[in-house]
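Chemist: Provide a 3D model corresponding to the input given below.
(one chain, ligands or ions: 2)
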Amino acid sequence: IAFSRRQFLAGTGALSLLPRASLAAGPEGLTAEVAQAQIAPETYPVTEVYSYGGAFPGPMIRLPQGGRIRRELLNNLPVPTSIHWHGIRIDNAMDGVAGLTQEAVSPGQSFTYDFTLPDAGTYWYHAHTSSMEQVARGLYGPLIVEEADGPDVDRDEVLMLDDWLLDPETAQIDPAFDHPMDLSHAGRRGNLIGTNGRYGYRLTAKRGERLRLRLINAANARIFVLRLAGLSGWTVALDGMPLDAPEKVDGEIILAPAQRVDLIVDVSAEETQEVAILRADDDEEWRVQVGFDLSGEATGRAAEPLPLPPNPGMAPVDLGRATKLEMRMEGGAMGNMPSGRMNGQMMGFRQMMQDGMFWTLAGVAGMDEAPFARLSRGEPVRLKLINDTVFPHAMHLHGQHFREIVGEVQGPMRDTLLSLPGQTTEIAFTADNPGKWLFHCHMLGHAASGMTTWIEVA
Ligand code: C2O
Ligand code: CU
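Modeler: Ligands and ions are numbered 1, 2, ... in the order given. From the prediction side, this is the model:
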């Protein structure tokens, strides 16, 4: 296979993202620290961000499937932090959820993450302490687990999509992370979109080349609605997990916060055409999310790509035996103002709002002593999700993937599901990873203002 492993910002000269070579058996470092990054166009000042090792996004981590990762988080930030390895079927103690699976790492302290990577695919890592603020400040990076036998492509590119809320003059990150208007509505959305830490991200490509594009939505709340132009291809994986068969991309690609899509695309652009992934989203205008400059010809491939090799543990859920659960999502602006349990006490919605809580999951606002469900190891579960709000939510389960169930048909495996306003969806999974696992909205302001609960698998 001829895909290159070059770093995703190679060629732009913006930041050096080469991971440190691992010299000895000790873990490599991942230092959380303040850094400067040219997010906005070059005519603007640099932006102060939170970073891992000075790089924004954090260093590319690429490891083989079945391999082990060891990274020592050293916290050089003025605030406590921790790292969550989103989408990995991980050992619970390594899940990075401050207050549930570990203590937050105080300034000056460190914590070593050490775990194996059972599944190939496109994952990411991000802060999981005050994540609404820390992710918006830049604490995230790509985690790519490579198949032993990867697809036949010329190149493999990771594209981390984000939006930033910047002061239009100073280009500094707006520090009003918990603005009630954002929390109770669609969440914090930026005024500048970009990819891999910058506005106007560009790559070069040859006509006829076949690329694997790994899209990751790292935004706090924005749902990216993307279209291909000058590229044509297939979706081959969702949230890291391979599809049974590649699906031709026809129209929009919807990427909710934290979701990933792996595409295999052929560069089909005309001589003069710019090749671009475009964004539509909620603006009337299209904007270039990633631009490709043409730089010659390659011999194209005629054949459709083969499916990616399946990951272990992709067996369908035993729906017949499954425990049935139900979760209603309520609250938010223009919602039904539910009362709810908060810190073990029943409260009216007005009272909840005074404490910065705007949402409930199954009648509970925020983390509770008791989990939403206690499951035994290996138990099949189907969970009905009733979105009784007027906003979309991106519901993420830690530690295991699930399948969306339509009728009795089991959809592809995912770790984050987009639930639309008023919609009832159903997911199913086999609870085979023991531990305490969060289930929360990945619109991070929603998660911080009520939409976070957890399950226990024992
Ligand atoms: Cu990527 Cu609890 O999240
Ligand atoms: Cu939400």
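Chemist: packing partners for the helix or strand hosting Leu73?
Modeler: Here Leu73 is covered by strand 68-75, with elements defined by DSSP states H and E. If you count contacts as 3 or more CB pairs under 8 Å, 6 or more residues apart in numbering; DSSP states H and E, strand 68-75 packs onto strand 28-37, strand 61-64, strand 110-116. C-beta: built from backbone N, CA, C; applies to glycine.
Chemist: same list (the ones you listed) but as a markdown table, adding mean pLDDT.
Modeler: Formatted as a markdown table, the helices and strands packed on strand 68-75 follow (pLDDT from 0 to 100):
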| stretch | mean pLDDT |
| --- | --- |
| strand 28-37 | 97 |
| strand 61-64 | 97 |
| strand 110-116 | 97 |
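Chemist: would you reformat those strands as JSON lines and include mean neighbour count and distance to Pro310?
Modeler: Formatted as JSON lines, the helices and strands packed on strand 68-75 follow (neighbours: other CB atoms under 10 Å; distance: least, CB to CB, whole Å):
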{"stretch": "strand 28-37", "mean neighbour count": "18", "distance to Pro310": "30"}
{"stretch": "strand 61-64", "mean neighbour count": "16", "distance to Pro310": "16"}
{"stretch": "strand 110-116", "mean neighbour count": "17", "distance to Pro310": "18"}
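Chemist: and for the one residue in the stretch 101-250 of the chain that gets nearest to ligand 2, the neighbour number?
Modeler: Nearest to ligand 2, among the residues of the stretch 101-250 of the chain, is Gly187, at 6.7 Å (CB to the ion). Residues lying near Gly187 (other CB atoms under 10 Å) number 27.
Chemist: likewise Arg155?
Modeler: Using other CB under 10 Å, Arg155 has 18 neighbouring residues.
Chemist: report the contact partners of Gly53.
Modeler: 20, 29-31, 33, 59 (CB atoms under 8 Å, 6 or more residues apart in numbering).
Chemist: cutoff 6 Å now
Modeler: Contact analysis of Gly53 by CB atoms under 6 Å, 6 or more residues apart in numbering lists 31, 59.
Chemist: give me every residue in the protein lying close to ligand 2.
Modeler: 393, 441, 443, 446 (CB under 5 Å from the ion).
Chemist: 6 Å instead?
Modeler: 393, 441, 443, 446, 451 (CB under 6 Å from the ion).
Chemist: out of those residues, who's the most crowded?
Modeler: Neighbour max across the residues of the chain next to ligand 2 (other CB under 10 Å) = His446, 34 neighbours.
Chemist: so how far is Gly332 from that one?
Modeler: Distance, His446 to Gly332, using CB to CB, to the nearest Å: 8 Å.
Chemist: also Ile88?
Modeler: Taking CB to CB, one finds Ile88 at 30 Å from Gly332.
Chemist: ok so, going back, which one of the residues of the chain next to ligand 2 is nearest ligand 1?
Modeler: Using CB to the nearest ligand atom, Cys441 comes nearest to ligand 1 of the residues of the chain next to ligand 2, at 9.5 Å.
Chemist: tell me the contacts of the closest residue to that closest one other than its chain neighbours?
Modeler: Using CB to CB, 6 or more residues apart in numbering and skipping residues adjacent in sequence, the residue nearest Cys441 is Met451, 3.8 Å away. Counting by CB under 6 Å, 6+ apart, Met451 touches 359, 361, 440-441.
Chemist: show me the helices in the stretch 201-350 of the chain, by range?
Modeler: Remark: helices assigned in the stretch 201-350 of the chain by DSSP state H, counting those that start in this stretch are 349-354.
Chemist: coming back round to it: right, and the pair among the residues of the chain next to ligand 2 with maximum separation?
Modeler: Farthest-apart pair in the residues of the chain next to ligand 2 is Met443 and Met451; separation 7.7 Å (CB to CB).
Chemist: overlap in contacts, His446 and Gly332.
Modeler: Counting by CB under 6 Å, 6+ apart, the residues touching both His446 and Gly332 are Trp359.
Chemist: show me which residues of the stretch 51-200 of the chain sit near ligand 1.
Modeler: Within the stretch 51-200 of the chain, the positions lying close to ligand 1 (CB under 6 Å from any ligand atom) are 84, 86, 126, 128.
Chemist: with adjacent residues omitted, what lies nearest to the one residue in the chain that gets nearest to ligand 1?
Modeler: Here the chain gets closest to ligand 1 at one residue, His86, 3.7 Å apart by CB to the nearest ligand atom. Nearest residue to His86, sequence neighbours excluded (CB to CB, 6+ apart): Trp124, at 5.1 Å.
Chemist: show me what contacts that neighbour?
Modeler: 86, 142-143, 216.
Chemist: could you redo the last one with a cut-off of 10 Å?
Modeler: Counting by CB atoms under 10 Å, 6 or more residues apart in numbering, Trp124 touches 57-58, 61, 84-88, 140-144, 158, 160, 214, 216-218, 240, 258, 260.
Chemist: ok, now Met314?
Modeler: 119, 241-242, 244, 401, 403, 412-413.
Chemist: top of these by number of neighbours, please.
Modeler: Result: Met413 is most packed of those (other CB under 10 Å), 26 neighbours.
Chemist: and it, what helix or strand is that in?
Modeler: Using DSSP H and E, the element containing Met413 is strand 409-414.
Chemist: which secondary structure elements does that strand contact?
Modeler: With contacts taken as 3 or more CB pairs under 10 Å, 6 or more residues apart in numbering; DSSP states H and E, strand 409-414 sits against strand 231-238, strand 241-248, strand 393-397, strand 402-406, strand 424-431.
Chemist: next secondary structure after that strand?
Modeler: strand 416-419.
Chemist: does ligand 1 sit close to that next one?
Modeler: No. Strand 416-419 stays clear of ligand 1 (CB under 6 Å from any ligand atom), getting no nearer than 7.7 Å.
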